[in-house]
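Engineer: Structure here, sequence nowhere to be found:
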């Protein structure tokens, strides 16, 4: 009887811990709003007020940053292109409305911006943890972990710092 209570308590704690570690959904992506179709400025302005950036919005923003345009009509097309570029691991489960993590964005930015990487970053160039640490080291973002969700203002600030870096270093090399 007593061991049944202990097991039930242990299961309850495990469920609470697992739920606490899960990334919360970001909600409907900004890019899904009809009035923002083709309106890049409107997209960036709408991100300002987003408490969490969705994976769909993060990928759209990353393609705008990398290519200067985002020609992908759907999340599925963006995800396929991101996997082809090595921004998202083939085995990663990424949902459009899921909250984008710092690590997902960091991997893409480490490929877009030709930064000097540390030894571990060179050994694991597409590892979210090491890309995040390299961006923190180079002053692109404050101390963060790769698994933290990204907020709209944080993404805008990060994109701004990348653009500033490009303006100073070879006028956009790496794009």
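Structural biologist: Received, thanks. Please read all numbers here as calculations on a predicted model, not as lab measurements.

Engineer: Can you tell me what sits against the one helix or strand residue 164 maps to?
Structural biologist: For residue 164, the host element (DSSP states H and E) is helix 152-168. Outside helix 152-168, the residues that touch it by Cβ atoms under 8 Å, 6 or more residues apart in numbering are 44, 47-53, 58, 61, 65, 100, 105, 109, 112-113, 135, 139-141, 172-175. (C-beta placed from N, C-alpha, C; glycine too.)

Engineer: same check, this time on stretch 109-118
Structural biologist: Against stretch 109-118 from outside (Cβ under 8 Å, 6+ apart): 62, 65-66, 85-87, 121, 125-126, 130-131, 133-135, 137-138, 140, 158, 162, 165-166, 173-175.

Engineer: still on that earlier bit, for the helix holding residue 164, buried residues please.
Structural biologist: 152, 154-156, 158-159, 161-162, 165-166 (16 or more other Cβ atoms under 10 Å).

Engineer: same thing with stretch 120-133?
Structural biologist: For stretch 120-133, by 16+ other Cβ under 10 Å, it's 121, 126-133.
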